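# Any chance you can model this:
(one chain, ligands or ions: 1)
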Amino acid sequence: MDVAIIGATGDVGRAVCSALIERGELGPSSRLQLVGRAGGASEAAVHGLRVDLIDAHDEKAPHIDVATAPDDVVADVVIVTAGRTVPTNTTEPIDRNKLAADNRVLFEQYADALAEHGSGHEVVIVVSNPVELAVDVFARRLGRHRVIGMGAWLDTLRFRREIAATLGIRRQRVSGFVAGQHGDRMVPLWSTVRLRGLDVAERLEIVERLRGDRTLASFASEVTAAKSTVTTQADVATGFALVDRYPPDLQAVIRPYLTHTSGAKTANGTASATVDLVRTVLDGRDIVIAGQVLLDGEITLGGQPWHGVLGVPVAVGPEGWTQVMLDEPAHDESRLLWEVGQAINEAIHSWGGGR
Ligand SMILES: NC(=O)c1ccc[n+]([C@@H]2O[C@H](COP(=O)([O-])OP(=O)(O)OC[C@H]3O[C@@H](n4cnc5c(N)ncnc54)[C@H](O)[C@@H]3O)[C@@H](O)[C@H]2O)c1
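Numbering: from 1, shown residues only. The predicted structure is shown next:
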């Protein structure tokens, strides 16, 4: 199997390259294509990165080559990590409009090139933000089922980890999904949480204890308040200590936010979740993950079949995602999913997507 990484020399792109090789997802018979931008700093840096990766991994490394034009991207799995990111040195609200305006052209260039020159079978995993816009652009050109945004999977892994850490158990014992929009407007699906080894009554009792007396109706305002609290502490260490006091769904939003604004960014966690997704695609079996996908009536929200990009649990296999795996969300979950879905559709429309 061959993998291409668009934006390979960026922080996330580099971390994905290393994780793919170190975790053995791409052996010596596979090909890794590093894609940079002609005329940009990455045009030269992709060549250097190629040599550095071979230097580091030697006999373990796949065949590595470089491309600097969208038309030259060729792979079974294409990972999109290129583009501008949210600045790390600000605690101002994220300007997603600016991010969208900057990155839309890039998304369109690569999606158009893949539609014209690709094999017609590539699976595209989107990391770049706004992930919902990128999924919309690629899905409308390549086909909905071949395009998956990894933001909801990253949010899901964070949610599971926060639950596990609060209970003092390993993350592998926790399942359950996060849906909605990547980041602040994620929708933690508490109704899907399962704890291996516990019966229904035990699990319900623990979930109730973890959530406290809250529903998702207050989630958005809790996120805003928590962000403001942790970023106005005297130092980052105090901010991180405060995060530990929040319930797991809030921790899953606030901890990565503080990590990004600390200047460290979240490249390693993002890369690890991305490589999980690549492994799922290469594995050949259908496995349920969460991802941002372009829906065409697969779920009902607000009494209507839903159309538009939304993070949901999906079964993923070698051809991309096959079906949505969300049976009966709780009332507050459907309500928030509907609100978030509306907001995403409006944003994508205003950014020139949706067609
Ligand atoms: N989905 C997530 O969970 C998540 C997490 C972290 C970052 N991100 C997103 O991933 C993207 C990259 O983040 P980063 O921190 O690695 O940024 P970065 O600035 O370190 O890297 C971006 C890379 O994209 C390259 N690039 C720009 N235009 C290009 C083009 N036309 N063709 C090829 N390469 C091009 C740049 O040269 C640079 O190497 C951002 O959009 C960011 O918001 C997403």
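# Would you mind measuring from the residue of the chain found nearest the ligand to residue 309?
Nearest residue of the chain to the ligand (Cβ to the nearest ligand atom) works out as residue 10 at 2.1 Å. All C-beta spots, glycine's among them, are computed from the backbone N, C-alpha and C. Distance, residue 10 to residue 309, using Cβ to Cβ, to the nearest Å: 23 Å.
# about what we covered before: what's the closest non-adjacent residue to the residue of the chain closest to the ligand?
Excluding the flanking residues, the one nearest residue 10 by Cβ to Cβ, 6 or more residues apart in numbering is residue 81, at 5.7 Å.
# Same check on residue 330?
With sequence-adjacent residues excluded and distances taken as Cβ to Cβ, 6+ apart, residue 330 is closest to residue 191, at 4.3 Å.
# one step back: which residue of residue 10 and residue 309 possesses the greater neighbour count?
More crowded of residue 10 and residue 309, by other Cβ atoms under 10 Å: residue 309, with 29 against 23.
# quick one: contacts for the more buried one?
By Cβ atoms under 8 Å, 6 or more residues apart in numbering, residue 309 lies in contact with 132-133, 135-136, 139, 149, 292-295, 344-345, 348.
# any idea whether it is helix, strand or coil?
Of the three states, residue 309 takes strand according to DSSP: H, G, I helix; E, B strand; the rest coil.
# Make sure residue 234 is indeed in a helix.
No. If the criterion is three-state DSSP, then residue 234 is coil and not within a helix.
# For it, give its distance to residue 308.
42 Å.
# Also residue 170?
Counting by Cβ to Cβ - residue 170 and residue 308 are separated by 36 Å.
# and those two? which has more neighbours close in?
Comparing residue 170 with residue 308 by other Cβ under 10 Å, the one with more neighbours is residue 308, at 19 against 11.
# Give me the nearest residue to residue 302, chain neighbours excluded.
Nearest non-adjacent residue to residue 302, counting by Cβ to Cβ, 6+ apart: residue 338, 4.4 Å away.
# and the one you found, what element?
Applying DSSP states H and E as the criterion places residue 338 in helix 331-350.
# now the strands: where do they sit in the stretch 151-300 of the chain?
174-180, 186-195, 287-301 (DSSP state E, counting those that start in this stretch).
# try the stretch 1-150 of the chain
Ranges of strands in the stretch 1-150 of the chain, per DSSP E, counting those that start in this stretch, are 2-6, 31-35, 63-67, 77-80, 123-126, 147-149.
# out of the ones you listed, nearest to residue 102?
strand 77-80 (14.3 Å; Cβ to Cβ).
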